[in-house]
Structures are given as structure tokens and as C-alpha cells.
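K.L.:
sequence and predicted structure are below.
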Amino acid sequence: MGFQQGLSGLDVSSKSLDAIGNNVANTSTIGFKQSKALFSDVYASTVKTSAGVGATVPKIQQEFTQGNLSTSNNPLDVGINGNGLFRLSTNGAISFARNGQFTTDKSGNIISSGGQNLTGYGVDALGNIIQGTFTNLKVSTANIAPMVTTASQVQLNLDSRSTPPTLMLPGSLTGSAGPVLATFNGAAQTINVTVDGKVATLPVTIPGPPAVYTSTGQLATAVQTAINSDLGLIGSNALVAVTVNASGFITLTSKSVGTIGSQGQGSSVAIAAGAATTALLGAAPVPLAGSDAFDPAQSTSFTVSTAQVEFDSLGNPHTLNMYFARASQNNTWQLYTTIDGIVPKTALVTGSAAPTAPGGGLDTALTFAAGDIRIDNIPNTAAIVVPAGPPHTPASLAAAVQQQINADPGLLAASRSVSVTVNGAGALIVKSNLTQGSPSVTIAASASSILMLGATTSTVTVNSATVTTQGVGTTLTGPLPVTIQFDSAGALTTTMPLNQSFGLVGGATTPLAFTLDFRGSTQYGATFGVSQLLQDGYTSGRLAGLSMSLEGIIQGRYSNGKTQNMGQVVTATFNNQNGLQPLGNNQWAETSESGQPIVGTPNSGNLGTTQSGTLEEANVDLTRELVNMITQQRSYQANAQTIKTQDQILSTLVNLR
């Protein structure tokens, strides 16, 4: 009889309705994958005339098709667009899910809605992804560490039409040529001229007859032409302007504003005393020097300026001010830099001291007694000894002096230190590394300072050779500039980068040392402008938000504008996803039928991408499921009808007479 077929039909329809009902119930379940009942027929034998004994449901199969992605405001809501399952861990027990509704627990661990840990690759202290070992992913709420500035890059255009600032004063001297014109007209005169330390290659000759000077102005023009025609001075850009002042005196002024001024001495003009000088000027003039009057508070002491923020080791910001002064030489500028607007005071030590003589070395150690050296008015508390040793170059002597001064316990305790360098004349520059307050350096006039610096005329023994030196130590205000030059096409020719070093107080690493690079800067006949300010430091930052890349990299966004990796999500695929065991709570477990998980990072291989701030909706087509429900309801009714029909047939047989 056909009861078995009808009963099997009722059974498969019921199971199909169960799957449909489960799909409908999970329409709003994030990451849910719909199921469907698979049907197969049943035969009792292989006889061709067999009608079969009904149907069965060998499997309820889930469909791992893509669901729609909807947006959310939670950055830890993550949808997978494409293949892949999240890898979750419950005390080491691994499961897989498509539900990307993640949050954090009290320890910062990223967990699913069911409390499982999201796994992936961790990071090292610098935020670099460490691939190869799976770990529970975690969100760190700690502040990101600051980064000290080590390199700064500036691109700008300096206007070639600019003129030197008025407070950069060139050296000048004045004679009284007017009353002696008649004498001077008697014969040509030869004089020795030095401009900014550059001596004329040959004695400068002022023509005599047939040249006749009927005015001081004519004589001034002749003197200027003669001096500025000297090849040695032309090659050094050490030229003069010769004019007549209100008193009728000839005035010689250096046109090389700031040339020697870069060493804090100002430009200078000197004419050797002698018969020719007396004939020319009517007197033996005293050489005069101008001055560099740089002051960041005086806009007339520089041409243009700009600024950039740099960061120390504690993340404190410091303003690097850059001041550019146009020099009189063509295509030449002077750069002055300060930190936080503080103008450090620098000890300039002139003279070529014995230890810097060619082949020189110290036969005896140089000793500074306690209190001989004061850094920002803080004295050294112990004797500072520069030991005797092998022959010194100026640079090696500077390094030795710097090392010994900075090792003094009293200066160390007060966070005071100096930088010692050598200028173009071979003299030592001793500069305070402090940038706050009124930094200064003073060195007492003692036997040691005389020996080292030539503070007075002295005769010393160096490697058994007698050397006579003369010099003077002074305290200057203002930073020492760097010369920046361009070619005739406006391209930068000065070697870059420049080294910058500024002393700090307050606990940060001192000095703050970094490179300053002006490559790409120009000097065109256009308005001054800055096109780029870059530096690699930053202050500490608080966690301001989270994001996740398409590759599953979780990044923290911080209040200082920086980002740092916190980990990378991994996803998995299986050769047979339908072999996975459903666990409930939107999870599946690996089985022998599914095969081992193939784990990788999102957007690699055949794995889909991760999209932060989105959720994957259930892939249930509600309209289709309702139609399927009607179909299965009709199937159930039809199978019930076959049983009723079979019952009626059986009743007819029983009632036969």
C-alpha cells in the first residue's frame, strides 16, 4: 500500500518547513546564512517497475552566499565582503563566524557578541605587524609615545630682488682727502687695502698725471674703481663703496655685509698706514669694523623669516624660528635659527691658540680651576682638565674641550652643557646649549685660558716648539648664522642638510639635535614664499578613534594626528564550507568533512576584504522564503491527501462481500 510514500512526503515537507521557518526567524540575525532542505528519492529495489517508497531529506544545507552590507557607527562592526570567516577563540577552542558585531571587554580584548575573542596577528612596540603567530586582538587605550624630531625639511623661495637689512652694518673708515688734492695730483699713489680680511692681490694704484682730480668726488670714484678692480677682492666678493660724506671726506665702506659678520665681528675695511695713505687721505686712518646687529625682535635686522614646530623626546613642542638676511654678495644669504624665540649668548674665542697650531699638541694639560668657566651663570664645581696628548687639530681640540666641560659634575647637575666648534679663522666657538632664559658662556682669564685661547699675548711651548699667540675672549649676543648660497639660475648650491643643536631644560633629552634641509629651495625674482614644511617628530597622543583597513589592519587614530597599528584580523576559508558544524550563536566548527581552515589576511588570495563600520545582513530572501513556505504547505497537504486516498482504497477492500 502507499502509506509509506505519503508519510515520507509529510516528513520531508515538514523538514523543509523547519528550514524555511528557521530562515524566516533569522532574517534580522547579522551574518546568518540561510539553509535549505535537500531531497532525494527512496527505492526499495532496483526493479524497473518499482514505484519507489517515497522521499527523504539527507541533508539541511547552508548557503554561504554574500549578504548585504549595512553601515553602522561602531568602528568595530566589521563586515566581510567576499569569502572568509572570522577566527574566534574561547579559551583556546577555535570557532568561525561571519557575524562582525565586535566590542571590547574591560581589558581591551576585542570580543564577539557571544564573548569569544577575535584572533589575528599582533604588533611589536613600534606597531609593526608580527605575522606567523595567532593571538587575541586587543585595543590599547594608552597614549602613543612621542617622537623626537630628527630631520626637518623646508622648501621656500628667497626673493633675489631683496636688499640687505639695515641693521647689518658694514665697516667703514673716513679720511680727509679734500685739502690734499693738489699734493695727490703730483704722482700716482700705491696703497695696501684689506676688505673683510681679504687683502688685495697687488697694491692698489691710484693713477696720477695725466689724471687730475678737481674734486673729492672724482678722487672717490678713482679710488673705488682701483680697489674694486683687484682680482683677489673680486674673487672674494670683498668690494667697497667709496663716497664723499657731508664734511667732504672720502668714506670707504665694505659692500660685503655680513661676510665677517657671520663670525660676529661685522664687515671691515682697513688701509695700511704709510706715505701713500697720507697722500690719499691726508691722515693714517684707523681700521674700522661694522657689526652684525641681528635681533629677532627687530625686523630691520633680517630680510624674511618663517617658523616650524619641532618636538623633543618628551613630546614638548618647540618653535624653530628661521631668519634670512640678504648679504651684499650676489646670491648669498645668512640663516639665523633660534628655538622658542630665545637668542642664546655665545662665547666667541678669537686667536689661533697654541694647541691649534699646525702639528701642535699639548705638552702639558690645560687646567681650568673651579669657577673659571660659567655656563648660564652656573660655575664649574671641579677643575676641568683638557689632557695632554697627541697633536691636536682645531676640531680635535674643540671636541676635547667640549667633552671635559660637559663632564663637570656641577654643570651636569644643573643641566648645563656647551657645544664647541671652530670658525673659519680657526678660533674656538663655545656656545651654551640652553635655549630658555638668557644663555651665556664666560671663561675666566687664567693661565689655562691664555694658553688655550691666546687671551693675551703669550709665548707657550707646543711639542717643544715656541709659538706666540694673541687673541681675546668675548661674550656675544645672538646666534651664529650659516651662509646659504645660490647659483646664477637661482638653484641652491650650499651642501645640505645643516646640523641644528639646541639645549633644553625640563627633563627632555638635551641637546635637541636634528638636521635642517633646504634642498629644493630657490632664489628667484619672486615674492618670498614657503612651499613645504616637514619634520618627523610629534607629541604624544590620546586615542581618538579606531579604523580597520580592507586588509584587516586595526589602526588607532590619536589626537596628535598619528595612527598606529594595533593588530591585523585573519579570516579563514574551507575546501568544503558545507562540512562545517553549526554551533549556534552564529558560529561554526571545523570537522573532518570541512577540512582544515585555510587562514590568511583579508584581501589576499581568494579572501574577501574587511569593511569597518559595516555589518553583513542575513542572506535570507524573505519573499522567496514565503513562496517556498506556500509551496511546501501545498506539498504537505498533497501528501496528506495521498494517505487519505490510500485509506479510502483500503476501506473499500475491507468492505468487499
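P.N.:
That came through, no problem. Quick caveat: nothing in here was measured; it's all calculated off a predicted structure. Residues are numbered from 1 along each chain as shown.
K.L.:
which residues touch A188?
P.N.:
Shown in contact with A188 (C-beta atoms under 8 Å, 6 or more residues apart in numbering): T205, I206, P207, G208, P209. All C-beta spots, glycine's among them, are computed from the backbone N, C-alpha and C.
K.L.:
count of residues packed around the third one?
P.N.:
To tie it back to what came earlier, the one meant is P207. 13 (other C-beta atoms under 10 Å).
K.L.:
okay, it: pLDDT?
P.N.:
The model reports P207 with a pLDDT of 77.
K.L.:
where's it relative to P602, distance?
P.N.:
For P207, the distance to P602 (C-beta to C-beta, to the nearest Å) stands at 88 Å.
K.L.:
check T135 too.
P.N.:
The gap separating T135 from P602 is 17 Å, by C-beta to C-beta.
K.L.:
of those two, who's got more company?
P.N.:
The neighbour comparison of T135 against P602 (other C-beta under 10 Å) goes to P602, with 27 against 14.
K.L.:
which one is the more buried one nearest to, not counting chain neighbours?
P.N.:
G552 (4.0 Å; C-beta to C-beta, 6 or more residues apart in numbering).
K.L.:
burial measure for the one you found, as a count.
P.N.:
28.
K.L.:
which secondary structure elements does the helix or strand hosting T135 sit against?
P.N.:
Assessed by DSSP states H and E, T135 sits inside strand 129-136. Counting contacts by 3 or more C-beta pairs under 8 Å, 6 or more residues apart in numbering; DSSP states H and E, strand 129-136 packs against strand 117-123, strand 563-569.
K.L.:
now what about that strand, what contacts it?
P.N.:
Counting by C-beta under 8 Å, 6+ apart, 87, 89, 109-110, 117-124, 553, 565, 567-568, 570, 599, 601 sit against strand 129-136.
K.L.:
what does stretch 617-627 give?
P.N.:
Contacts for stretch 617-627 (C-beta under 8 Å, 6+ apart): 20, 23-24, 26-34, 63, 65-70.
K.L.:
list the buried ones in it?
P.N.:
Buried positions in stretch 617-627, judged by neighbour count with 16 or more other C-beta atoms under 10 Å: E617, A618, N619, V620, E625.
K.L.:
tally of neighbours for the residue lying closest to the third one once chain neighbours are set aside?
P.N.:
Taking C-beta to C-beta, 6+ apart, and ignoring the residues beside it in sequence, N619 has G67 as its nearest neighbour in space, at 4.1 Å. For G67, the tally of surrounding residues (other C-beta under 10 Å) stands at 21.
K.L.:
now G67: how far from Y43?
P.N.:
Taken as C-beta to C-beta, the span from G67 to Y43 is 39 Å.
K.L.:
do the same with F324
P.N.:
When F324 is compared with Y43 (using C-beta to C-beta), they lie 97 Å apart.
K.L.:
please apply the same query to L118.
P.N.:
49 Å.
K.L.:
more neighbours, these two?
P.N.:
Ranked by neighbour count (other C-beta under 10 Å), L118 and Y43 place L118 first, with 25 against 11.
K.L.:
that one bridge partners, please.
P.N.:
When bridges are called by DSSP bridges, L118 pairs up with L88.
K.L.:
surely it touches L85?
P.N.:
No. With contacts counted by C-beta atoms under 8 Å, L118 stays clear of L85, the gap being 11.7 Å.
K.L.:
residues contacting N628?
P.N.:
Going by C-beta under 8 Å, 6+ apart, N628 touches S16, I20.
K.L.:
so which strand or helix has it?
P.N.:
helix 622-654.
K.L.:
for T253, give the beta-bridge partners.
P.N.:
S172, A241.
K.L.:
tell me, how many residues neighbour it?
P.N.:
As a burial measure, T253 scores 20 neighbours (other C-beta under 10 Å).
K.L.:
and what of E593?
P.N.:
12.
K.L.:
which residue, other than its chain neighbours, is closest to it?
P.N.:
Excluding the flanking residues, the one nearest E593 by C-beta to C-beta, 6+ apart is G579, at 3.1 Å.
K.L.:
list the contacts of the one you found.
P.N.:
By C-beta under 8 Å, 6+ apart, the contact set of G579 is T591, S592, E593, S594, G595.
K.L.:
redo those as CSV? Include secondary structure, pLDDT and distance to T221.
P.N.:
Listed next are those as CSV, based on DSSP: H, G, I helix; E, B strand; the rest coil; pLDDT from 0 to 100; distance: C-beta to C-beta, whole Å:
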residue, secondary structure, pLDDT, distance to T221
T591, coil, 94, 105
S592, coil, 93, 107
E593, coil, 92, 106
S594, coil, 93, 101
G595, coil, 93, 100
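K.L.:
what ranges do the strands span in the stretch 451-600 of the chain?
P.N.:
Ranges of strands within the stretch 451-600 of the chain are 458-462, 465-469, 473-477, 482-485, 498-502, 512-517, 529-535, 543-548, 553-558, 563-569, 571-573, 581-584, 587-589, 598-600, based on DSSP state E, counting those that start in this stretch.
K.L.:
now do the stretch 251-400 of the chain
P.N.:
268-271, 288-289, 291-292, 304-311, 317-326, 332-339, 345-349, 366-368, 373-375, 378-379, 384-386.
K.L.:
select, out of the ones you listed, the one closest to I250.
P.N.:
Closest to I250 of those, according to C-beta to C-beta: strand 268-271, at 10.5 Å.
K.L.:
wait, is the residue nearest to N619 part of a helix?
P.N.:
No. The assignment for G67 (DSSP: H, G, I helix; E, B strand; the rest coil) gives coil, which keeps it out of a helix.
K.L.:
how about it, what does it touch?
P.N.:
With the criterion set at C-beta under 8 Å, 6+ apart, G67 makes contact with G31, F32, K33, R98, E616, E617, A618, N619.
K.L.:
cool, and N576?
P.N.:
When contacts are counted by C-beta under 8 Å, 6+ apart, N576 touches E593, S594, G595.
K.L.:
my read is that the last one contacts A572, right?
P.N.:
No. Counting by C-beta under 8 Å, no contact exists between G595 and A572, whose distance comes to 10.8 Å.
K.L.:
neighbour count: those two, which is higher?
P.N.:
For G595 and A572, the more surrounded residue by other C-beta under 10 Å is A572, and the numbers stand at 20 against 15.
K.L.:
surely the more buried one touches V599?
P.N.:
Yes. Applying C-beta under 8 Å as the test, A572 and V599 come out as touching, 4.7 Å apart.
K.L.:
which neighbours do those two share?
P.N.:
R87.
K.L.:
which one is T591 nearest to, not counting chain neighbours?
P.N.:
Per C-beta to C-beta, 6+ apart, closest to T591 is Q581, 5.0 Å.
K.L.:
just list whatever residues bridge to the one you found.
P.N.:
If you apply DSSP bridges, the partners that Q581 bridges to are A589.
K.L.:
per-residue pLDDT of the residue positioned nearest the centre of the chain, please?
P.N.:
Note on the chain: the residue nearest the mean C-alpha position is D536, at 0.8 Å, using C-alpha atoms, centre = their mean. Reported pLDDT at D536 in the predicted model: 95.
K.L.:
ok, back up a step: including secondary structure, distance to Q646 and pLDDT, could the contacts of G67 go into TSV?
P.N.:
TSV is the format used below for the contacts of G67 (DSSP: H, G, I helix; E, B strand; the rest coil; distance: C-beta to C-beta, whole Å; pLDDT from 0 to 100):
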residue	secondary structure	distance to Q646	pLDDT
G31	coil	45	87
F32	coil	40	89
K33	coil	39	88
R98	coil	46	94
E616	strand	48	91
E617	coil	45	91
A618	coil	41	90
N619	coil	40	89
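K.L.:
alright, calling it a day.
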